[in-house]
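Peer 1: generate a structure from the sequence data that follows.
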Amino acid sequence: MSSPAAQQINAIHAMLSAGHRNLRIERHSLLMWGIPAGLLFALSEFILTPAQIPDVNQRALAWLALLVTVLTTVAAIDWLWTRRVKQARDEAWSFIHRQVQKVWWLLMALAVLTTFGMFFYGGGYMLCAVWLVMLGLSLYLHGLFSEELLEWVGAVTIVIGIGSLVAQLPYETMRWIATAVFGIGLPLLAMMLDRGQHRPAGVRLGQMLIWLAAVLVIPLWVEQRVHAAPRIESEPLSLADFRSNLAPPKGYRSVTLPAGTSIPVEIELSGDIFVTDGQRPVLPLVLNRPIELMMHDGKLTGDARFAGESWQLARQVRWITIPWIKADLTPEKGPVVSSNLIVQLRQH
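Peer 2: The predicted structure is shown next:
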């Protein structure tokens with residue numbers, strides 16, 4: 001049995017720890033910020049799409065209005081709900097807590113503005129990573145003055161965001177990871193909060209493994225299973241056989257294009273610099289090696305492979321890379337625009 005002196009020392013340590021970490025993030029805050037954002041990521045490929053809003057400016061403004069409306073509503077409800085909960089518990093809303101909450105709002109606003117800017121300046125591939133890094137910074141900052149579990153989750157979220165870029169994951173994969181982090185990870189974190197209690201590193205590691213399994217391992221496994229390449233039982237069709245068939249082949253079939261096949265690449269130009277008469281310039285490209293293309297009910301799926309290699313899914317393939325483009329003006333040739341265009345079948 002511990003002595004009264006030891007009990008007093010432990011009580012003093014507990015009070016000091018509570019004084020250092022005097023903030024408490026409410027469970028409803030994580031639910032309110034996580035579930036709507038997760039739904040937006042999950043539905044982002046079905047709402048306000050280029051097919052629905054072809055004009056880029058209008059689509060960017062529509063997304064900006066949607067994000068501002070959703071996040072402003074969430075922030076207002078969270079503020080009012082938190083204030084009511086604290087009043088019911090007769091707790092003071094400290095100055096530090098108010099400032100940390102403002103930083104949270106600032107980081108979410110920066111993520112919204114970055115999303116808006118990507119419509120005009122590119123970089124949409126990094127969109128999910130930006131939101132994950134902003135969320136991780138918000139949680140880590142809150143955890144510095146609150147529960148240490150928030151620090152762990154915030155740091156791991158930042159690593160997930162940056163790691164997805166380093167690993168060059170397909171955008172769809174990163175979108176589902178972001179959906180899981182917001183829609184599943186934040187509600188799960190709300191259940192794991194222990195009101196600032198100090199836990200051994202082993203306990204925190206176990207919590208992180210459970211959290212990672214929910215937001216990273218399981219979504220990646222499900223996503224790989226859903227988008228696995230279909231099995232093709234029959235032999236691939238030759239290009240001549242495909243052209244001779246009047247009816248398109250049913251189900252999943254593959255067509256082999258031999259080396260030397262000419263592939264006309266049409267380019268559509270738009271803008272206020274060049275005159276466009278409705279005709280598209282054509283680049284006559286020629287294959288230097290055979291390639292096999294997958295079709296479903298006579299339509300290309302975008303999946304391809306070289307002979308003897310595994311299928312590379314359309315969502316995992318980077319076809320075209322433009323390292324540089326420049327314009328020049330010389331007396332001999334006049335105005336010339338040149339670029340380095342790389343067409344490759346390789347995975348992200």
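Peer 1: okay, now residue 116: neighbour count?
Peer 2: For residue 116, the count of nearby residues is 15 (other Cβ atoms under 10 Å). (Each C-beta comes from the backbone N, C-alpha and C, glycine too.)
Peer 1: going along the chain, name the helices of the chain.
Peer 2: In the chain, the helices defined using DSSP state H lie at 4-20, 27-43, 56-88, 95-121, 127-145, 148-166, 171-180, 186-192, 201-212, 218-226, 239-244.
Peer 1: so which of these gets nearest residue 256?
Peer 2: Of all the helices of the chain, helix 239-244 sits nearest to residue 256, with 6.8 Å by Cβ to Cβ.
Peer 1: okay, buried residues for that closest one please.
Peer 2: For helix 239-244, burial by neighbour count (16 or more other Cβ atoms under 10 Å) applies to residue 242.
Peer 1: elements contacting that helix?
Peer 2: strand 252-257 (3 or more Cβ pairs under 8 Å, 6 or more residues apart in numbering; DSSP states H and E).
Peer 1: spatially nearest residue to residue 192 (excluding sequence neighbours)?
Peer 2: residue 207 (5.8 Å; Cβ to Cβ, 6 or more residues apart in numbering).
Peer 1: if you could redo that for residue 204, that was the one I meant.
Peer 2: Nearest non-adjacent residue to residue 204 (Cβ to Cβ, 6+ apart): residue 152, at 5.5 Å.
Peer 1: now swap in residue 261 and tell me
Peer 2: Closest to residue 261 by Cβ to Cβ, 6+ apart is residue 287, at 4.8 Å.
Peer 1: residues contacting the one you found?
Peer 2: Residues near residue 287 by Cβ atoms under 8 Å, 6 or more residues apart in numbering: 257-261, 263.
Peer 1: and residue 125, by the same measure?
Peer 2: residue 171.
Peer 1: tell me the pLDDT at it?
Peer 2: Listed pLDDT for residue 125 reads 85.
Peer 1: still on that earlier bit, what about the residue nearest to residue 261, distance to residue 263?
Peer 2: Per Cβ to Cβ, to the nearest Å, residue 287 is found 7 Å from residue 263.
Peer 1: list residues touching both of these two?
Peer 2: Common neighbours of residue 287 and residue 263 (criterion: Cβ under 8 Å, 6+ apart): residue 257.
Peer 1: what about the residue nearest to residue 192, neighbour count?
Peer 2: Residues near residue 207, counting by other Cβ under 10 Å: 18.
Peer 1: could you do residue 238 as well?
Peer 2: Around residue 238 there are 13 residues (other Cβ under 10 Å).
Peer 1: I'd say it and residue 254 touch.
Peer 2: No. The criterion here is Cβ atoms under 8 Å, and residue 238 misses it with residue 254 at 10.5 Å.
Peer 1: ok, the closest residue to residue 140 other than its chain neighbours - how many residues close by?
Peer 2: Counting by Cβ to Cβ, 6+ apart, the nearest residue to residue 140 once its immediate chain neighbours are dropped is residue 154, at 3.0 Å. By the criterion of other Cβ under 10 Å, residue 154 has 21 neighbours.
Peer 1: what do you get for the one 3 residues further on?
Peer 2: Counted with other Cβ under 10 Å, the neighbours of residue 157 add up to 28.
Peer 1: the residue nearest to residue 192 and residue 201: what is the separation?
Peer 2: 11 Å.
Peer 1: low-confidence ranges in the chain?
Peer 2: 1-22, 195-199, 226-234, 246-248, 278, 308, 313-322, 324, 341, 343-348 (pLDDT under 70).
Peer 1: separation between the residue positioned nearest the centre of it and residue 64?
Peer 2: The residue lying closest to the centre of the chain (Cα atoms, centre = their mean) is residue 128, at 2.7 Å. The spacing between residue 128 and residue 64, counted by Cβ to Cβ, is 18 Å.
Peer 1: same question, residue 164
Peer 2: Relative to residue 64, and taking Cβ to Cβ, residue 164 is found at 24 Å.
Peer 1: the more surrounded of the two?
Peer 2: Under the criterion of other Cβ under 10 Å, the comparison of residue 164 against residue 64 puts residue 164 first, with 21 against 16.
Peer 1: how about the contacts made by the more buried one?
Peer 2: By Cβ under 8 Å, 6+ apart, the neighbours of residue 164 are 128-129, 132, 173-174, 177.
Peer 1: distance of it from residue 31?
Peer 2: 24 Å.
Peer 1: state the distance from residue 24 to residue 142.
Peer 2: With Cβ to Cβ as the criterion, residue 24 and residue 142 are 10 Å apart.
Peer 1: my bad, residue 225
Peer 2: 35 Å.
Peer 1: which one's more surrounded, the two?
Peer 2: Per other Cβ under 10 Å, whichever of residue 225 and residue 142 has more neighbours is residue 142, with 22 against 8.
Peer 1: I'd say that one and residue 102 touch.
Peer 2: No. In this structure, residue 142 is not within contact of residue 102 by Cβ under 8 Å, at 11.7 Å.
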